[in-house]
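Asks: need the 3D shape of this:
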Amino acid sequence: MSEIRSTTVLAVLRDGRGAIGSDGQVTLGQTVAKHGAVKVRELFNGKVLVGFAGGAADAFTLWEKFEAHLERYNGHLRRATVELAREWRSDRILRRLEAMMIVMDRSDAFIVSGNGDIIESDDHVAAIGSGAGYALAAARALRRHTDLDAAAIVREALALASEICIYTNDHFTIVELAAGEEGR
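Replies: The predicted structure is shown next:
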């Protein structure tokens, strides 16, 4: 998988709760063009969370496609993810997108790429983007050695990544799964 430079997106599941967050930096070459971009969102009535690394137009296209698959498969995350990856890889226009996504519900978190890659998290922590390694390491340590909830782990791990990765800032957007909804 190619590395997307310009963002950090992190997803954490813990105790049946989930959160996904990203920094807000948009980088054009070696210039910061924007500080507060929103790269995460809720789909399927708050039952699914999605984060994106790549261009904004690509994000909206893929979010719409993924949401259509969620509707088609009645919110079944795994099935919708497989169908998105299949379409993304086989469609002549979509396969040219250089992007990555994290999709999650209360049960699963997957990294999805246009190469057809679907990577299921072993430990309910997933990260993409240029600061992914830093955020992932911090989140794993926080998940193992603290009692912080998923959203707090996301916030703290992104803060640590922003101190190290020049493509990650400290303007975070964090969304949580809607309370009381069960994953699939």
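Asks: going forward, measure contacts between C-alpha atoms and count neighbours the same way
Replies: Will do.
Asks: out of the helices and strands in the chain, which is least certain?
Replies: Least confident helix or strand, the chain: strand 26-28 with a mean of 84, by mean pLDDT, DSSP states H and E.
Asks: show the subsequent helix or strand relative to that strand.
Replies: Using DSSP states H and E, the helix or strand that follows strand 26-28 in sequence is strand 31-34.
Asks: neighbouring contacts of that next one?
Replies: Residues outside strand 31-34 that contact it (CA atoms under 8 Å, 6 or more residues apart in numbering): 24-27.
Asks: hmm, back to that, so in that sheet, which strands flank the least confident helix or strand of the chain, and in what orientation?
Replies: strand 31-34 (antiparallel) (DSSP bridges).
Asks: remind me what the longest helix along the chain packs against, helices and strands.
Replies: Ranked by residue count, the top helix of the chain under DSSP state H comes out as helix 56-72. Using 3 or more CA pairs under 8 Å, 6 or more residues apart in numbering; DSSP states H and E, the elements in contact with helix 56-72 are strand 48-53, helix 77-90.
Asks: ranking those by burial, who's on top?
Replies: strand 48-53 (a mean of 28; mean count of other CA atoms under 10 Å).
Asks: which residues sit in contact with the residue nearest to Phe66 when sequence neighbours are not counted?
Replies: Leaving out its chain neighbours, the residue that sits closest to Phe66 by CA to CA, 6 or more residues apart in numbering is Leu84, at 5.9 Å. Listed by CA under 8 Å, 6+ apart, the contact partners of Leu84 are 65-66, 69.
Asks: check Thr168 too.
Replies: Thr168 sits in contact with 6-8, 23-25, 130-131, 161-162, where contact means CA under 8 Å, 6+ apart.
Asks: try it again with 10 Å
Replies: By CA atoms under 10 Å, 6 or more residues apart in numbering, the contact list for Thr168 reads 5-9, 22-27, 35, 129-132, 158-162.
Asks: ok, now Val9?
Replies: Per CA under 10 Å, 6+ apart, neighbours of Val9: 20-24, 39-40, 50-53, 100-102, 126-132, 135-136, 154, 158, 168, 172-174.
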